[in-house]
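> no sequence on this one, just coordinates:
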């Protein structure tokens, strides 16, 4: 028995490979453009480069769309693997079954963020008519391309190293000890989370992109801990069930996809203005209002489960 | 330029050029149809097996002697009831009857709603019995020289579980299978706390080393393994077919687009940008694939669950299981899987031909 016979994994790797091939094609063109691009030249070679530029744009836009779908599909496939991995009850067991799992997940989110930033820069570039950001955007793509290649390697390593005979730890074991940084308690983390949330909104209001950038990165980690150790228990309505993956399952109406989805989309809009500024030196602070919007939905959704539990039972967990 | 008018125009143009897309639509639809049908059949069989498993106890215990199954008795039940965590132990009777005339074994299962003179058979068995002129009743021959006649009370649909089964009550089953009053074929152990199943499954072999202990999660995992295996092998083989199709598709689309150069040049000269042409072709192909996807899906549902998958069923079922019907299932995850598996590579393979078409030199094309 091999995990590579699981049909969702076969499909996942096949599509990843298709995307990788398309990206290799565009990277070849990108390297040529980076080397020979001269917007002021009016020879046929420059003209052909400009036409190839369209192909690269199309391929990368397609890559972004597929990568987002594949990310959700990847998380779902991890759930599918749980019956095959002894001891695993949810994706925690599978992802923690070898050293590549957790880095791969973080890495995937990071790539999606970078692809999103690329997309915004591309939009600004095309709007500028003279394609002034072209070289910068393609340097960024080259970085992303290398990362996508490494990602594919990591995926293969992760899937080949999933143990099918040795039992792995489940979420009830992994998260049972409160493994919080700086000896903080769960309640501290929740206070910090709300404080950071308010600070981020204030910073967004005053359009301080660099402060928003730092706050959002902090918020992402604090939100991870507070959802896992505090808000999650209210979703499960059980004080000892601490898991960032279980609520992705059908038993909890797939609410996890919304919780994490709003957080990641929100954080993306929070960090991208600063990244865009540092790459192309252009202020694009209007994204911050989406940051406020999505983070507010995320916080409201998390708080909703706590309030709902309190109204129904008259006590906190 | 993505707006309602643009979408409207793309659809109108697509309807005008539908002949050009017919080839890809049909072949692509056929590819989706085959993959969906195979997955629906295997998923439906798996679902039936799992449903049947849920009706059993948490642990099934069988006795073996010299590697062969051997009946259990009341003493075994009493000892197992002593194990803490075990709520109940139910002795079950089943086995096979040798129908020597047709050289085959019928499975005998217990249904206590039946009386001592009647039995219920599946469609597959009824067909065999009819061939031997047993249309209303059937004689079981029990050694040394007894004959037991039962009326055929009812004929039920064959599923993967019931296709080879005759249902009788427990008293009759014991007579057919020649089992004593206190003998059982296997035991169902009821464990109310699911956390204890694993532990109890480890304790039983210590009391009875020759027992075969099958916890329900292990059987479930076995079914899963078997169907992952079958599904996975099929998918890997199918990728080969898919890749050849996409190469074919790329060439076909390129040749069709070759004849469309003038049309695109006209669009370009009235103000369509290269990006618009690529979007136009992308939208058209997306509509073709989604159309093919849904058409194929409906056809394969009808093929598997209405017509019972002629031809393809033989991959999964044996020669005798002619009347087996598949229990309809709806599995959204599987449909998403098929969508990603087929539609994404299709769209990926038309990107380059669409771009080639869009960058054609306008004045060259108009000549």
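Nice, thanks for sending it over. None of these values were measured; they are calculated from a predicted model.
> element containing the nearest residue to residue A:103 once chain neighbours are set aside, please.
In this structure, residue A:103 finds its nearest non-sequential neighbour in residue A:154, 7.2 Å apart by CB to CB, 6 or more residues apart in numbering or on different chains. Heads up, the C-betas are built off the backbone N, CA and C, glycines and all. Residue A:154 belongs to helix A:134-160 when assigned by DSSP states H and E.
> buried stuff in that helix?
A:134, A:137-138, A:140-141, A:144-145, A:147-148, A:151-152, A:154-155, A:158-159 (16 or more other CB atoms under 10 Å in any protein chain shown).
> what comes into contact with stretch B:270-281?
A:51, A:54, A:57-58, B:1-2, B:6, B:9-10, B:13, B:257, B:264, B:267-268, B:350-351, B:354-355, B:357-359 (CB atoms under 8 Å, 6 or more residues apart in numbering or on different chains).
> now a PyMOL select for only the buried ones of these.
Buried members of those, defined by 16+ other CB under 10 Å, are picked up in PyMOL with:
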select buried, (chain A and resi 51+54+57+58) or (chain B and resi 10+13+257+264+267+268+350+351+354+355+357+358+359)
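> where's residue B:231, which helix or strand?
helix B:216-258.
> the following helix or strand past that helix vs chain A: in contact?
Reading on from helix B:216-258 to the C-terminus, the next helix or strand found by DSSP H and E is helix B:261-269. No - Helix B:261-269 is not in contact with chain A by CB under 8 Å from any CB of the partner chain; minimum separation 12.3 Å.
> wait, isn't the residue nearest to residue A:103 in contact with residue A:102?
No - contact criterion CB atoms under 8 Å: residue A:154 and residue A:102 do not qualify, at 11.1 Å.
> ok, the buried residues of helix A:134-160 vs chain B, which is closest?
residue A:159 (12.6 Å; CB to the nearest CB).
> any idea how far the closest one lies from residue A:2?
9 Å (CB to CB, to the nearest Å).
> same question, residue B:209
Counting by CB to CB, the gap from residue B:209 to residue A:2 is 33 Å.
> who has more neighbours, these two?
residue A:2 (14 against 8; other CB atoms under 10 Å in any protein chain shown).
> residues in contact with the closest residue to residue B:81 other than its chain neighbours?
Leaving aside its chain neighbours, residue B:81 sits nearest to residue B:89 (5.5 Å; criterion: CB to CB, 6+ apart). Going by CB under 8 Å, 6+ apart, residue B:89 touches B:77, B:80-81, B:187-190.
> residues in a beta bridge with residue B:89, which ones?
Assessed by DSSP bridges, residue B:89 has beta-bridge partners residue B:189.
> for the stretch 201-317 of chain A, what spans make up the helices?
For the stretch 201-317 of chain A, the helices defined by DSSP state H, counting those that start in this stretch occupy A:209-226, A:232-236, A:255-280, A:288-313.
> what distance separates the shortest one from the centre of its chain?
It refers to helix A:232-236. 22 Å (CA atoms, centre = their mean, to the nearest Å).
> quick one: contacts for the closest residue in space to residue B:229 that isn't next to it in sequence?
Sequence neighbours aside, residue A:5 is the residue nearest to residue B:229 in space, at 5.4 Å (criterion: CB to CB, 6+ apart). By CB under 8 Å, 6+ apart, the residues touching residue A:5 are B:228-229, B:231-233, B:236.
> in chain B, what residue is nearest chain A?
residue B:232 (2.8 Å).
> surely that residue and residue A:10 touch.
Yes - contact criterion CB under 8 Å: residue B:232 and residue A:10 qualify, at 5.8 Å.
> find residues that contact each of the two.
With CB under 8 Å, 6+ apart as the test, residue B:232 and residue A:10 both reach residue A:4.
> related to what we said a few turns ago, chain B is nearest to which of the helices of the stretch 201-317 of chain A?
helix A:255-280 (13.1 Å).
> contact residues of the stretch 1-150 of chain A facing chain B?
A:1, A:4-11, A:14-15, A:18-19, A:22, A:25, A:51, A:54-55, A:57-59, A:62, A:66, A:69-70, A:73, A:76, A:80, A:83-84.
> now with 6 Å?
Residues of the stretch 1-150 of chain A lying near chain B by CB under 6 Å from any CB of the partner chain: A:1, A:5-8, A:10-11, A:14-15, A:18, A:22, A:51, A:54-55, A:58, A:66, A:83.
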